[in-house]
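Trainee: Below are the sequence and a predicted model; questions follow.
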Amino acid sequence: MPMNRRSFLSTTAAMTGTALLPQAVMASDTIKLGSILDTSGIFDAYGKPMDMAMRLAVKEINAAGGLLGKEVEVVAYDTQSDMALYSQYGQQLTRQDRVDVVHGGILSASREAIRQTMRKTKTLYFYNVLYEGGVCDGNIFINGVTPAQQVEALVPYAMGKSGPKVYILAADYNYGQITARWIQKFVAENGGETVGVDFFPLDVSDFGSTIAKIQAVGPDLVIAPLVGGAHLSFFRQWAAAGMKDRIPLASTTLGVGNEHKVLTPAEGDGIMVAYNYSQELDTAANIAFKDKWSAAYGDSGMIHELAVSNYQGMLTWAEAVRQAGSIERAAVIAALETGLSIEGPAGRVTVDPKTHHAVLDVHLMEIENQGMRVVETLPQRQPIDTQSVCDLKVNPGDNIQYEIEI
């Protein structure tokens with residue numbers, strides 16, 4: 001994540017350290033919630049606020065009397081942005097700590113590193129991050145937006161403000177590769193043409209030759225599913241080359257980890273995005289959430305899309321436990337599969353029983369003065385991409401990430 005993240009992370013560093021609670025001190029009458037996140041390392045700007053949001057939700061749940069008369073106890077591990085540690089800590093949470101539920105994972109690779117462990121040990125799993133879609137597994141519930149919810153809305157909006165010729169720059173792993181294909185699909189469906197697609201490993205930070213290549217091609221719009229601190233360099237270099245005011249930019253990732261707060265207004269203003277959450281949402285639920293965050297941590301500036309998604313995932317799980325009247329996995333899944341809904345800071349979150357994904361509001365936004373100004377809200381968008389391949393009501397034993405035909 002951005003090298004300058006100290007400017008908006010340092011004030012909370014002491015509050016977000018990983019809590020490894022020895023099993024001996026845990027009361028037998030608690031409900032154990034496992035968390036695995038990157039709260040240090042190169043992805044900590046994603047993971048730290050997610051950890052903070054999880055702890056804020058647990059604090060609220062316990063202050064309201066807990067669940068089923070029991071307190072929720074957090075057992076959390078910091079993977080230090082090391083994918084190998086996800087497998088290790090996933091096994092530790094399920095086999096040694098014996099938690100009742102796990103919320104965790106950021107990159108798709110981290111989800112896949114632990115998903116089978118959760119399934120084999122029959123530990124309910126929540127993945128609360130936007131991703132490329134297609135996971136079909138009766139043991140997992142996913143609360144982040146999928147491409148059909150996000151990209152299908154963003155592409156026609158961005159093309160309408162620019163033109164039909166689109167160039168794509170994407171991270172070189174499954175999220176970027178699959179999202180790039182979705183972008184190409186929706187570009188074509190909206191009468192446009194993809195004039196270039198380039199992929200970049202996560203450690204690439206020099207985009208000079210790429211910018212020259214884009215200048216030569218002359219697209220109307222650049223869409224950038226780029227990920228992480230190194231890739232943030234593209235937006236700075238694009239502005240420094242004088243391109244930002246010549247060819248508009250859109251992104252499916254910029255801002256989910258508050259990267260837009262690191263860019264100057266000259267670098268970031270006007271970039272188009274579409275997410276489930278913005279701090280600028282002028283709703284009673286969001287205002288109340290930001291007030292609670294400020295009371296707990298002293299600064300609401302760290303809140304971002306992934307933090308809110310994690311918070312909403314926590315509320316969804318807690319409501320399912322209440323409705324089930326049990327912490328048993330099968331009972332909680334049955335409650336979730338009723339189409340359960342909660343009201344979160346980003347709007348209503350409804351569980352789709354067919355896919356175990358979330359039906360979500362999506363907000364079309366433009367970055368403005370280091371904020372995300374909401375242009376239009378598209379309510380309760382269905383995860384139609386994953387619905388096209390996954391039906392857990394018909395095939396409850398499914399356990400795969402489908403490659404959706406695009």
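Mentor: Here it is on my side, so go on. Numbering: from 1, shown residues only.
Trainee: which stretches of the stretch 101-250 of the chain form strands?
Mentor: Ranges of strands in the stretch 101-250 of the chain, per DSSP state E, counting those that start in this stretch, are 101-104, 124-127, 135-137, 140-142, 165-171, 193-200, 221-223, 249-250.
Trainee: For Ala230, which of those strands is the nearest?
Mentor: strand 193-200 (8.4 Å; C-beta to C-beta). For glycine as for every other residue, the C-beta is placed from the backbone atoms N, C-alpha and C.
Trainee: Let me know the angle separating the closest one from strand 165-171.
Mentor: 20 degrees (axes from the mean of the first three to the mean of the last three C-alpha atoms, to 10 degrees).
Trainee: Name the SS class of Ala335, please.
Mentor: Three-state assignment for Ala335 (DSSP: H, G, I helix; E, B strand; the rest coil): helix.
Trainee: Verify the stated contact: it with Glu328.
Mentor: No: using C-beta atoms under 8 Å, Ala335 makes no contact with Glu328, being 10.5 Å away.
Trainee: Any chance of CSV for the strands of the stretch 101-250 of the chain, columns mean pLDDT?
Mentor: Below are the strands of the stretch 101-250 of the chain laid out as CSV (pLDDT from 0 to 100):
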stretch, mean pLDDT
strand 101-104, 98
strand 124-127, 98
strand 135-137, 98
strand 140-142, 98
strand 165-171, 97
strand 193-200, 97
strand 221-223, 98
strand 249-250, 97
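Trainee: Rebuild those strands as CSV, extending it with mean neighbour count and distance to Ala84.
Mentor: Output for the strands of the stretch 101-250 of the chain, formatted as CSV (neighbours: other C-beta atoms under 10 Å; distance: least, C-beta to C-beta, whole Å):
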stretch, mean neighbour count, distance to Ala84
strand 101-104, 28, 15
strand 124-127, 26, 19
strand 135-137, 23, 21
strand 140-142, 25, 21
strand 165-171, 23, 20
strand 193-200, 17, 23
strand 221-223, 27, 32
strand 249-250, 25, 34
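Trainee: So which of those strands is nearest Gly298?
Mentor: Closest of these to Gly298 is strand 101-104, at 24.0 Å (criterion: C-beta to C-beta).
Trainee: what about the helices in the stretch 51-200 of the chain?
Mentor: Along the stretch 51-200 of the chain, the stretches classed as helices by DSSP state H, counting those that start in this stretch are 83-91, 108-120, 147-161, 174-189.
Trainee: Highest mean neighbour count across the ones you listed, which stretch is it?
Mentor: Of all those, helix 147-161 has the most neighbours on average by mean count of other C-beta atoms under 10 Å, namely a mean of 22.
Trainee: got a list of contacts for that one?
Mentor: Here helix 147-161 makes contact (C-beta atoms under 8 Å, 6 or more residues apart in numbering) with 130, 132-133, 166, 178-179, 182-183, 186-187, 190, 192, 220-221, 223, 248, 250, 252, 272-275, 360, 362, 364, 375-376, 378, 381-386.
Trainee: Between helix 174-189 and it, find me the angle.
Mentor: Using the same axes, to 10 degrees: helix 147-161 against helix 174-189 is 50 degrees.
Trainee: number of nearby residues for Gln370?
Mentor: Neighbourhood size, Gln370 [other C-beta atoms under 10 Å]: 18.
Trainee: Wait, it touches Glu267, no?
Mentor: No: assessed by C-beta under 8 Å, Gln370 is found out of contact with Glu267, at 9.8 Å.
Trainee: isn't Lys165 right up against Glu193?
Mentor: Yes: Lys165 is in contact with Glu193 according to C-beta under 8 Å; the separation is 5.5 Å.
Trainee: could the strands of the stretch 101-250 of the chain be laid out in JSON lines, adding distance to Asp398?
Mentor: Putting the strands of the stretch 101-250 of the chain into JSON lines (distance: least, C-beta to C-beta, whole Å) gives the following:
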{"stretch": "strand 101-104", "distance to Asp398": "20"}
{"stretch": "strand 124-127", "distance to Asp398": "15"}
{"stretch": "strand 135-137", "distance to Asp398": "4"}
{"stretch": "strand 140-142", "distance to Asp398": "11"}
{"stretch": "strand 165-171", "distance to Asp398": "27"}
{"stretch": "strand 193-200", "distance to Asp398": "29"}
{"stretch": "strand 221-223", "distance to Asp398": "31"}
{"stretch": "strand 249-250", "distance to Asp398": "33"}
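Trainee: I'd like to know which of those strands lies nearest to Ser209.
Mentor: Of the strands of the stretch 101-250 of the chain, nearest to Ser209 by C-beta to C-beta is strand 193-200, at 10.0 Å.
Trainee: you'd agree Pro396 is in a strand?
Mentor: No: assigned with three-state DSSP, Pro396 falls outside any strand and is coil.
Trainee: what about the closest residue to it other than its chain neighbours, neighbour count?
Mentor: Spatial nearest neighbour of Pro396, chain neighbours left out: Gly138 (5.2 Å); criterion: C-beta to C-beta, 6 or more residues apart in numbering. For Gly138, the neighbour count with other C-beta under 10 Å is 17.
Trainee: One more: Gly325?
Mentor: When neighbours are counted by other C-beta under 10 Å, Gly325 comes out with 11.
Trainee: Could you check how far it is from Leu68?
Mentor: As judged by C-beta to C-beta, to the nearest Å, Gly325 and Leu68 stand 7 Å apart.
Trainee: contact partners of stretch 390-400?
Mentor: With contacts defined as C-beta under 8 Å, 6+ apart, stretch 390-400 is touched by 116, 119, 134-139, 337, 353-356, 402.
Trainee: Buried residues of it, list them for me.
Mentor: The neighbour-count check on stretch 390-400 (16 or more other C-beta atoms under 10 Å) flags Cys390, Leu392, Asp398 as buried.
Trainee: could you give the mean pLDDT of stretch 65-76?
Mentor: If you average the pLDDT over stretch 65-76, you get 97.
Trainee: Can you verify my assumption that Val197 contacts Ala170?
Mentor: Yes: counting by C-beta under 8 Å, Ala170 is a contact partner of Val197 at 7.1 Å.
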